[in-house]
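# Model the structure of this input:
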Amino acid sequence: MRIVCDAHIPFLLEAVQKAWPQVEIIPLKPEEIDASAVKDADVLVVRTRTKVNETLLADSNVQLVCTATIGYDHIDTAYCESQGIRWMSCPGCNAQAVCDYIEEALQETQAQGTIGIVGVGHVGSLVAKMAERRGMKVLLNDPPKGIGVSLDFIAQNSDIITFHVPLDKTTYHLCDDTFLNKCKPDAFIINAARGGVVDEQALLRSGHPFILDTWENEPNIHPEILAKALLASMHIAGYSVAGKRNASQMCLNAIAELFNLQKIDISKSRGLDISKQKGDTAPGWISRISDQLKADPTAFEALRKAYPLRGELIDRA
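Numbers count the residues shown, from 1 in each chain. Now for the predicted structure:
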């Protein structure tokens, strides 16, 4: 059995090598994951940087595609299903880390008042509890779940609006000119969901302050949008030790189930130290990231790869 995986997914390689010696695991850089590399693989484990589609998978032996991310818009799920290829994502794996990011953003901007939360899944639910704990009024919007108020009501009544929806046909440019024109003049926008949920050109036109962690056309982000951002980061809101561990664990669970392998518990794997990395968590850490990125927009991908995972830092009741 052979697994091809993105080399930047932590804990996965070490766990497989220790627990499944009969399994060949091949870590590759995202740019190295192409049709020839996956042709003889049984399992493919990727992040958002790999486009998983017919071009990649045609004539391969791949039976399972795992993405160690919440989002899965980089996977052509219809193609996979048409070919009998199973796929899975990791919903909720880094929800607490993203919530921590939002809280730090609110702290650094001293934001108060009413927060509108668009998308009340794993992340949005945590953000709502956090905001309530901070004494903020919370408005929720999630029509598919039958939760909350209308998007128009969110726009018209929120001082801060944060998006926590997946990217699909219904959410692409959800925050557009029409939405922004209905917002309070000084309301600011946060997008730590997926690039494309917010129409960045509309955001520029609107004059609203904004915080972006996810961007359209990553890693080739728009320099003017970066310059105008109140705070900016390189798609690292969910980058915590716990979040990465959870994602790798969920991928390993799926592989073990499909191929009838012994289950691995990463947290109990001897020789795997998952607590060494303690990224910058002192107050103002998003501002420091923002300064780095604004100093060199072309370094987006390099900064993202070099980002030290935050420890399980913000354990707030």
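# Checking L126 next. Helix, strand or coil?
At L126 the chain is in helix, as set by DSSP: H, G, I helix; E, B strand; the rest coil.
# Go ahead and confirm it touches E103.
No - counting by CB atoms under 8 Å, L126 sits too far from E103 to count as a contact (9.5 Å). The C-beta positions use only the backbone N, C-alpha and C, and glycine is treated the same way.
# quick one, domains of the chain?
Per automatic domain parsing, the domain ranges recorded for the chain read 2-93+240-268, 95-237+282-306.
# Please say which of L126 and E103 ends up with more neighbours.
L126 (22 against 18; other CB atoms under 10 Å).
# Is L44 inside a helix or a strand, and which specific one?
strand 43-46 (DSSP states H and E).
# C-terminal to that strand, which secondary structure element comes first?
Beyond strand 43-46 in the direction of the C-terminus, DSSP H and E gives the next helix or strand as helix 54-57.
# For that next one, name the packing helices and strands.
Applying 3 or more CB pairs under 8 Å, 6 or more residues apart in numbering; DSSP states H and E, one finds that helix 54-57 contacts helix 35-38, helix 77-82.
# What are the contacting residues of the helix or strand following that helix?
Note on helix 54-57: by DSSP H and E, the next helix or strand toward the C-terminus is strand 64-67. Contacts with strand 64-67, where a contact means CB atoms under 8 Å, 6 or more residues apart in numbering, come from 42-48, 52, 57, 74-75, 80, 85-90, 250-251, 254-255, 258.
# hmm, back to that, just checking: what are the partner strands of the strand holding L44?
strand 2-6 (parallel), strand 64-67 (parallel) (DSSP bridges).
# taking those together, which one is wrapped up most tightly?
strand 64-67 (a mean of 25; mean count of other CB atoms under 10 Å).
# What are the buried residues along the strand holding L44?
If you call a residue buried by 16 or more other CB atoms under 10 Å, then strand 43-46 has these buried ones: V43, L44, V45, V46.
# The first one and A302, how far apart?
Looking back up the chat, that one is V43. In this view, V43 and A302 are 28 Å apart by CB to CB, to the nearest Å.
# follow-up on the earlier one: can you tell which of the strands paired with strand 43-46 is closest to R288?
strand 2-6 (26.6 Å; CB to CB).
# Give me the nearest residue to D59, chain neighbours excluded.
Excluding the flanking residues, the one nearest D59 by CB to CB, 6 or more residues apart in numbering is K39, at 6.8 Å.
# thought the one you found was touching S60?
Yes - with contact defined as CB under 8 Å, K39 reaches S60; the gap is 5.0 Å.
# which one of the two has more residues nearby?
Just comparing K39 and S60: by other CB under 10 Å the higher neighbour count belongs to S60, 19 against 15.
# For that one, which residues are in contact?
Here S60 is in contact with A35, V38, K39, D40, A41 (CB under 8 Å, 6+ apart).
# Buried members of those into ChimeraX, please.
Buried subset of the contacts of S60, written as a ChimeraX selection, criterion 16+ other CB under 10 Å:
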select :38,41
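# and the contacts of S60 as JSON lines, adding pLDDT and distance to A306?
Below are the contacts of S60 laid out as JSON lines (pLDDT from 0 to 100; distance: CB to CB, whole Å):
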{"residue": "A35", "pLDDT": "98", "distance to A306": "29"}
{"residue": "V38", "pLDDT": "98", "distance to A306": "26"}
{"residue": "K39", "pLDDT": "98", "distance to A306": "31"}
{"residue": "D40", "pLDDT": "98", "distance to A306": "32"}
{"residue": "A41", "pLDDT": "98", "distance to A306": "28"}
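# ok, back up a step: return the member of the buried residues of strand 43-46 nearest to K182.
Looking across these and measuring by CB to CB, the closest to K182 is V46, at 37.7 Å.
# ok, now which ones touch the closest one?
Contacts of V46 by CB under 8 Å, 6+ apart are C5, D6, P30, I33, V52, V65, C66, T67, A68, H74.
# now H122
So H122 contacts I70, P91, G92, A95 (CB under 8 Å, 6+ apart).
# Check what pLDDT the residue nearest to the last one when sequence neighbours are not counted gets.
What that stands for is A95. Among residues not flanking A95 along the chain, H122 sits closest, at 3.9 Å (CB to CB, 6+ apart). Note on H122: pLDDT of 96.
# Buried only: go through the contacts of strand 64-67 for me.
Buried among the contacts of strand 64-67 by 16+ other CB under 10 Å: 42-48, 52, 57, 74-75, 80, 85, 87-90, 250-251, 254-255.
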